[in-house]
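Engineer: predicted model and sequence follow; I will ask about them next.
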Amino acid sequence: MTQNLIDLNLSTESLAAIDAALATLETELAPLLGLDPELRRDLTKMGAKSEAFCRQAVAAFSEHAQVLPRNFDVAAYRGDLAALDALRPRRQRLERLRELLEHTEMALGSDLMTASLEGYAVLKVSGKSAGLDNLRQALSARFRSRRGEAAQPAVVAPM
C-alpha cells in the first residue's frame with residue numbers, strides 16, 4: 001500500500017465507552033429542538049451584531065422591567081441568554097469532533113480506495129494466469145457503466 005493516511009484501531013472497550021458517552025449526550029440533550037426547514041427559513045435570526053444588541057437589551061430590560069408589558073417574562077428572557085451561553089461552547093466542541101470524524105472517515109476511505117485500485121491493477125496483470133478471472137471480472141464492475149446509469153456492484157462468491 002503506497003498510501004496510509006491513518007491507522008485507526010478502536011478497541012471494543014473504546015467503542016463501548018464512545019457509545020455510552022453518545023447515549024449520555026442523547027439523553028441529556030433530549031430537550032433540544034428540531035425545526036423544520038420552513039420554520040428555520042422564516043425565523044428572525046441573530047447574527048454577531050444582533051447578539052450584541054440582545055445582550056445590551058437583556059441588561060437594560062433586567063434593570064427596567066417595570067417599563068415592559070406584564071406578559072414580558074424577563075426571567076425567561078435572561079434564561080434564554082444563559083442557555084445560549086451554556087450550549088455554545090459545547091456545540092463548538094461537538095463541531096470540532098464532527099469535523100475530525102468526517103476527515104478521519106475521508107482518510108480511511110481514501111486509504112481503502114487507493115489500496116483497492118493498486119491491488120486491482122496488479123490483479124488485472126498477474127491474475128490472468130493465476131485463475132482469478134472471475135474475481136478480476138467481479139472487481140471490474142466498478143468501472144463498467146452505461147451512459148447515465150450507475151454501475152451495479154458484482155457479487156463475489158466466497159472461495
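Structural biologist: Happy to help now that I have it.
Engineer: tell me the centre residue of this structure?
Structural biologist: Arg98 (4.9 Å; C-alpha atoms, centre = their mean).
Engineer: find the helix or strand that Leu94 is a member of.
Structural biologist: helix 74-126 (DSSP states H and E).
Engineer: contacting residues for the residue nearest to the centre of the chain?
Structural biologist: Contacts for Arg98 (C-beta atoms under 8 Å, 6 or more residues apart in numbering) come out as none. The C-beta positions use only the backbone N, C-alpha and C, and glycine is treated the same way.
Engineer: and if we set it to 10 Å?
Structural biologist: Arg91 (C-beta atoms under 10 Å, 6 or more residues apart in numbering).
Engineer: how near is it to Thr104?
Structural biologist: Arg98 is 11 Å from Thr104, where distance means C-beta to C-beta, to the nearest Å.
Engineer: what's the answer for Gln3, then?
Structural biologist: 15 Å.
Engineer: now swap in Asp80 and tell me
Structural biologist: In terms of C-beta to C-beta, Asp80 sits 35 Å off from Thr104.
Engineer: try Lys49
Structural biologist: 36 Å.
Engineer: and if you look at Arg90?
Structural biologist: Applying C-beta to C-beta to Arg90 and Thr104 gives a distance of 21 Å.
Engineer: and stretch 73-84, which residues are buried?
Structural biologist: 77, 81 (16 or more other C-beta atoms under 10 Å).
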